[in-house]
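[1] Next one to model:
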Amino acid sequence: MTVRVIDDGTPEGVHPGTITHTVTATDDETNYPEDTELTPVTLEITDNDPGS
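    Okay, here's the model as predicted:
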């Protein structure tokens, strides 16, 4: 998984974030059912802008 963010120049400090994801298609041998919900991932976001 790749997570990309926009570097907006707005100081936001350190704050939590949550990534949620769902299987929307499968074409491999595992054949996961579509709409399978996976456990959300909680993470800490650290801003790179001064003053945060």
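[2] who does the residue nearest the centre of the chain bridge with?
    Central residue of the chain (CA atoms, centre = their mean): Ile19, 3.5 Å from the mean position. Here Ile19 sits in beta bridges with Val41, going by DSSP bridges.
[3] which residue sits closest to Ala25, ignoring its sequence neighbours?
    Glu34 (6.6 Å; CB to CB, 6 or more residues apart in numbering). For the C-beta atoms, the positions are set from N, CA and C on the backbone; glycine is no exception.
[4] what helix or strand does that neighbour sit in?
    Per DSSP states H and E, Glu34 falls between elements, in no helix or strand.
[5] For the most far-flung residue of the chain relative to its centre, give me its contacts.
    Distance from the C-alpha centroid of the chain, by CA atoms, centre = their mean, peaks at Glu29 (25.5 Å). If you count contacts by CB atoms under 8 Å, 6 or more residues apart in numbering, Glu29 has none.
[6] what sits up against stretch 7-22?
    Under CB under 8 Å, 6+ apart, the answer for stretch 7-22 is 1, 3, 35-38, 40-52.
[7] Pull up the distance across it, start to finish.
    26 Å (CA to CA, to the nearest Å).
[8] Now that stretch: buried residues?
    Residues of stretch 7-22 classed as buried by neighbour count (16 or more other CB atoms under 10 Å): none.
[9] which among the contacts of stretch 7-22 end up buried?
    Buried, going by 16+ other CB under 10 Å: Asp47, out of those.
[10] ok, back up a step: kindly provide the distance from the residue nearest to Ala25 to Thr26.
    7 Å (CB to CB, to the nearest Å).
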